[in-house]
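Asks: Let me see the structure of the following:
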Amino acid sequence: MTRNIDIAGLVVDSKTLLPIEGADIFGADENLLGKTDVRGYFKISLSFMADGEMRFKLKIIKKGYNNIMQSEHWGSLPGNTKALMYFGLDKGSGSNSFSKLVNKAIGDLDYHNTLEHFDQVKIARTFDNKLSAAKAGNQDVLIKVDNKFYMVDETGWIAISSDKDSILINKKQLVIADQLNGTIKRKDIKWMTPLNAKNTKFAVYTK
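Replies: Residues are numbered from 1 along each chain as shown. Down below sits the predicted model:
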């Protein structure tokens with residue numbers, strides 16, 4: 001007796017988010033599991049023994065793009081299961097590649113439902129791309145994207161309400177958010193967090 005994981009998804013260009021046709025999806029043993037159609041859509045099935053944890057790898061290959069290798073380690077799930085997976089392939093260094101797994105309340109694995117769930121992925125990726133563009137070529141800590149302000153370090157971001165929010169640096173220097181870029185550099189930030197203090201909204205630590 002076996003258990004199956006049915007997976008549907010989309011393969012897209014990580015920058016434009018447009019579908020990639022003819023991307024190959026391989027399993028861990030290099031066997032071809034499926035290929036994307038003109039819509040970037042694919043649907044594959046993986047089989048596992050009746051008991052035990054479910055581990056698998058997927059490799060996405062398309063000429064002209066960097067490959068993606070996705071490793072998954074799932075628990076010992078009873079019976080069959082299904083998931084949606086979205087892959088963004090990057091033509092450049094590969095640093096802009098992404099993958100996203102959706103395995104809750106997904107309904108059918110048809111193209112329509114797969115595309116519907118991709119809307120949330122697309123919103124997040126569009127924001128990430130705008131944020132990356134705003135960070136390019138500078139060490140700014142305060143960034144503006146779509147008329148909203150964000151405090152950013154090398155790995156993450158925090159949304160702030162305005163560029164007039166008060167920020168505490170290293171527990172001793174209080175500045176207004178619009179002064180951050182002239183005070184500290186993004187690469188020096190070790191940690192940043194919201195605060196519950198009455199007159200101070202956020203804290204930043206560089207040491």
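
Asks: Out of the helices and strands in the protein, which is least certain?
Replies: For the chain, using mean pLDDT, DSSP states H and E, the weakest element among its helices and strands is strand 68-74, scoring a mean of 86.

Asks: in it, what counts as buried?
Replies: By neighbour count on 16 or more other CB atoms under 10 Å, the buried set for strand 68-74 is 68, 72. All C-beta spots, glycine's among them, are computed from the backbone N, C-alpha and C.

Asks: Look up the pLDDT of Asn4 for me, please.
Replies: As summarised for this prediction, Asn4 has a pLDDT of 84.

Asks: name the helices or strands packed onto the longest strand anywhere in the chain?
Replies: Here the longest strand in the chain is taken by residue count, with DSSP state E as the criterion, and it is strand 2-13. Strand 2-13 is packed against strand 41-49, strand 54-61, strand 81-89, helix 111-135, with contacts defined by 3 or more CB pairs under 8 Å, 6 or more residues apart in numbering; DSSP states H and E.

Asks: rerun that using 10 Å as the cut-off
Replies: strand 24-26, strand 32-35, strand 41-49, strand 54-61, strand 68-74, strand 81-89, strand 98-102, helix 111-135 (3 or more CB pairs under 10 Å, 6 or more residues apart in numbering; DSSP states H and E).

Asks: Look up how far Asn196 lies from the closest residue to Lys201 other than its chain neighbours.
Replies: Distance criterion CB to CB, 6 or more residues apart in numbering; nearest residue to Lys201, sequence neighbours excluded, is Asp165 at 4.3 Å. Relative to Asn196, Asp165 is positioned 14 Å away (CB to CB, to the nearest Å).

Asks: and the residue nearest to Lys201, what does it touch?
Replies: By CB atoms under 10 Å, 6 or more residues apart in numbering, the contact set of Asp165 is 142, 149, 151, 175-178, 180, 200-202.

Asks: Tell me the confidence at it?
Replies: The confidence metric pLDDT takes the value 94 at Asp165.

Asks: Please report how far it lies from Lys130.
Replies: Distance, Asp165 to Lys130, using CB to CB: 21 Å.

Asks: Ile176 now?
Replies: Ile176 is 24 Å from Lys130, by CB to CB.

Asks: Lys43 too?
Replies: 31 Å.

Asks: Now for the most centrally placed residue in the chain: which residues touch it?
Replies: With distances taken as CA atoms, centre = their mean, the residue of the chain nearest its centroid is Phe98 (5.6 Å). Phe98 makes contacts with 12, 14, 68, 86-90, 121, 124-125, 128, as judged by CB under 10 Å, 6+ apart.

Asks: Just the closest of the residues you listed to Asp110, please.
Replies: When the contacts of Phe98 are ranked by distance to Asp110 (CB to CB), Tyr86 comes first, at 15.2 Å.
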